[in-house]
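Participant: Here you go, sequence then predicted model.
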Amino acid sequence: MNNSVLLALSRKLGIVSKDAIRKATEFERVVEVRCGSSLASLNLSSTATAVICLEIATNTCDLSVSKKTAIQLSGLTKKVYNNAYKAIECILGKRKQISLRDFAVLFGCTSVLAFAEELLESYKATLNSGIDLDQPVFAAATLYVVCRSKKVRLNKSKIIDQVNVRRSIFDKVCKQIQDVLDKLSEKTKEKDLKRPYSWLEESCEKLTNPESAKKKTRMSEKERKQNENNDYETWKLKMLSET
């Protein structure tokens, strides 16, 4: 493509970085050399290819452009654009796996990250070894399930767009992860039931529910006196037997 056209597109996308424009020009040449006429099978015009190369270039420079504007300039539908973007990323060797941490930072929910990482590891342990566990849909679905359970806001449509899968597939993975979360929650409840009543919990209950705490205190006092009486009776019987 004529360099002036690429520059015109970069201006419309608000790209001012000379480094990003230079990289986009290089990417466009690489795509043409490696693919040539095969780009036609993707229904990509030279303009669409240039726009995608510009977006990839800005991302490699840690910059960003409006996805909505890029799609409009490309003349493609959102679905076709995303598929083409992914294909050209692979051609250029720029496709990277998005981690759970990346998703948490992107959507501003790092507060649930530690728990989500534990859940993801537990979920992966239930899968067959033949499945590619690095697929971003697993990380995205885990984060969504955890945010839903913790009542942390996360836009479902936006996170599905990031992993570029059908909603039905995303929902299926979410259901599997939710099942794992439910089982872990049940195990946690069972452990809590077996755990003895601590002095800290007793102190907290005195503050939040004084009536209940009083009843427990009265019961404890009654048990203490009963134990003292039992000890006294045992001692008395022992003394009598010795005499």
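Facilitator: Right, received. Where do you want to start?

Participant: Only C-alpha atoms from now on, for both contacts and neighbour counts.
Facilitator: Will do.

Participant: Can you tell me the centre-most residue of this protein?
Facilitator: Central residue of the chain (Cα atoms, centre = their mean): residue 143, 2.6 Å from the mean position.

Participant: how's this structure carved up into domains?
Facilitator: 3-92, 100-194, 199-242 (automatic domain parsing).

Participant: After the strand or helix carrying the residue nearest to the centre of the chain, which helix or strand is next?
Facilitator: According to DSSP states H and E, residue 143 maps onto helix 136-149. Going down the chain from helix 136-149, the next helix or strand is helix 156-163, by DSSP H and E.

Participant: centre of the chain versus that following helix, how much separation?
Facilitator: Between the centre of helix 156-163 and the centre of its chain there are 11 Å (Cα atoms, centre = their mean, to the nearest Å).

Participant: continuing past it, what's the next helix or strand?
Facilitator: helix 167-194.

Participant: list the helices and strands that following helix packs on?
Facilitator: helix 113-124, helix 136-149 (3 or more Cα pairs under 8 Å, 6 or more residues apart in numbering; DSSP states H and E).

Participant: now the ones you listed in TSV, with mean pLDDT and distance to residue 88?
Facilitator: Converted to TSV, these look like this (pLDDT from 0 to 100; distance: least, Cα to Cα, whole Å):
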stretch	mean pLDDT	distance to residue 88
helix 113-124	94	29
helix 136-149	94	18
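
Participant: Packed most tightly, which of the ones you listed would that be?
Facilitator: Comparing these by mean neighbour count (mean count of other Cα atoms under 10 Å), helix 136-149 ranks first with a mean of 22.

Participant: ok so, going back, relative to residue 62, which of the helices and strands packed on helix 167-194 is closest?
Facilitator: helix 136-149 (20.1 Å; Cα to Cα).

Participant: just to revisit the earlier point, now render the helices and strands packed on helix 167-194 as a markdown table, adding distance to residue 50.
Facilitator: Output for the helices and strands packed on helix 167-194, formatted as a markdown table (distance: least, Cα to Cα, whole Å):
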| stretch | distance to residue 50 |
| --- | --- |
| helix 113-124 | 36 |
| helix 136-149 | 26 |
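
Participant: Can you check which of these gets nearest to residue 7?
Facilitator: helix 136-149 (33.2 Å).

Participant: how many degrees apart are the helix holding residue 143 and helix 113-124 in direction?
Facilitator: Computed with axes from the mean of the first three to the mean of the last three Cα atoms, to 10 degrees, the direction of helix 136-149 lies at 120 degrees from that of helix 113-124.

Participant: Helix 136-149 - contacts with which helices or strands?
Facilitator: helix 100-106, helix 113-124, helix 156-163, helix 167-194.

Participant: residues of the shortest one that come out buried?
Facilitator: Within helix 100-106, the residues that qualify as buried by neighbour count (16 or more other Cα atoms under 10 Å) are 100, 101, 103, 104.

Participant: for it, packing partners?
Facilitator: By 3+ Cα pairs under 8 Å, 6+ apart, helix 100-106 packs against helix 113-124, helix 136-149.

Participant: repeat that for 7 Å
Facilitator: With contacts taken as 3 or more Cα pairs under 7 Å, 6 or more residues apart in numbering; DSSP states H and E, helix 100-106 sits against helix 136-149.

Participant: No more questions from me, cheers.
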